[in-house]
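Chemist: Need a 3D model of the sequence below.
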Amino acid sequence: MAGFSWQWAFAFGLLGNIVSFMVFLSPIPTFYAIYKRKTSEGYQSIPYVVALFSSMLWIFYAFLKSNTTLLITINSFGCFIETIYVCFYLFYAPNKVQTLKMIVLLIICGFGLIVVSTMFLVRPSQRAMVVGWICLVFSLCVFVAPLCILRRVIQSESVEYMPFLLSLFLTLSAVMWFFYGLLIKDYNVAVPNVVGFSFGVLQMALYVRYKNCGEVEY
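Modeler: I've put the predicted structure just below:
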């Protein structure tokens, strides 16, 4: 029975990798629009900086546990692609200060503090648990980050700055990783994806509601 559960967990983890790969690639149309406009004005860098930070945390968490290859592979790709997105955003950003502050606060200071404090202040037997809770909190932040975009959609009645593909793949990814975390009994993986699924459905519902209210760019 345990072997059977692990087979299902591996299947959902593999599907989670595939769908998450599409999640990481889904903002490409957004950055193509930025490239055409030669400006990132109107677009938010917050989701990409937070996603980069979250991927780094999950890699750190994965190295503290065993049998976490599926987490390491997809989050390594996440770090790579999100770094490209952030650099691309900065290149075309008319005002780079806010994004640079976030990078320093989260990526340099935040991640560095978490690594140093857990390695020196937490006992080895408890490190995975502590980092797991931190990952859980910031995974929730990744899903909550698009709220600023949802607010803009409702206020402007336009989905110009909310790519539908990103919402779709986030929802599918949340389903896959929820079942993966549930089957391996890692609730730090499973719990945030309940919120991720809810926000994904909300984003798609808003897209359907406002897609014909203005011009949409992909």
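
Chemist: hey, let's count contacts and neighbours off CA atoms from now on
Modeler: Noted.

Chemist: tell me which residues of the lowest-mean-pLDDT helix or strand in the chain are tucked away?
Modeler: Lowest by mean pLDDT, DSSP states H and E among the helices and strands of the chain is helix 147-156, with a mean of 71. Neighbour counts over helix 147-156 (16 or more other C-alpha atoms under 10 Å) mark 149-150, 152-153 as buried.

Chemist: Send me that helix as PDB with only the CA atoms.
Modeler: Output of helix 147-156 as PDB, limited to C-alpha atoms (Å, rounded to 0.1, in the frame of the first residue of the first chain):
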ATOM      1  CA  LEU A 147      -4.300  40.500  -5.400                       C
ATOM      2  CA  CYS A 148      -2.900  43.900  -6.500                       C
ATOM      3  CA  ILE A 149      -3.600  42.800 -10.100                       C
ATOM      4  CA  LEU A 150      -7.200  41.600  -9.200                       C
ATOM      5  CA  ARG A 151      -7.900  45.000  -7.600                       C
ATOM      6  CA  ARG A 152      -6.700  46.800 -10.800                       C
ATOM      7  CA  VAL A 153      -8.900  44.500 -12.900                       C
ATOM      8  CA  ILE A 154     -12.000  45.300 -10.900                       C
ATOM      9  CA  GLN A 155     -11.300  49.100 -10.800                       C
ATOM     10  CA  SER A 156     -10.400  49.300 -14.500                       C
END
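
Chemist: Could you state which residue of the protein sits nearest its centroid?
Modeler: In the chain, the residue lying closest to the centroid (C-alpha atoms, centre = their mean) is Ala51, at 4.0 Å.
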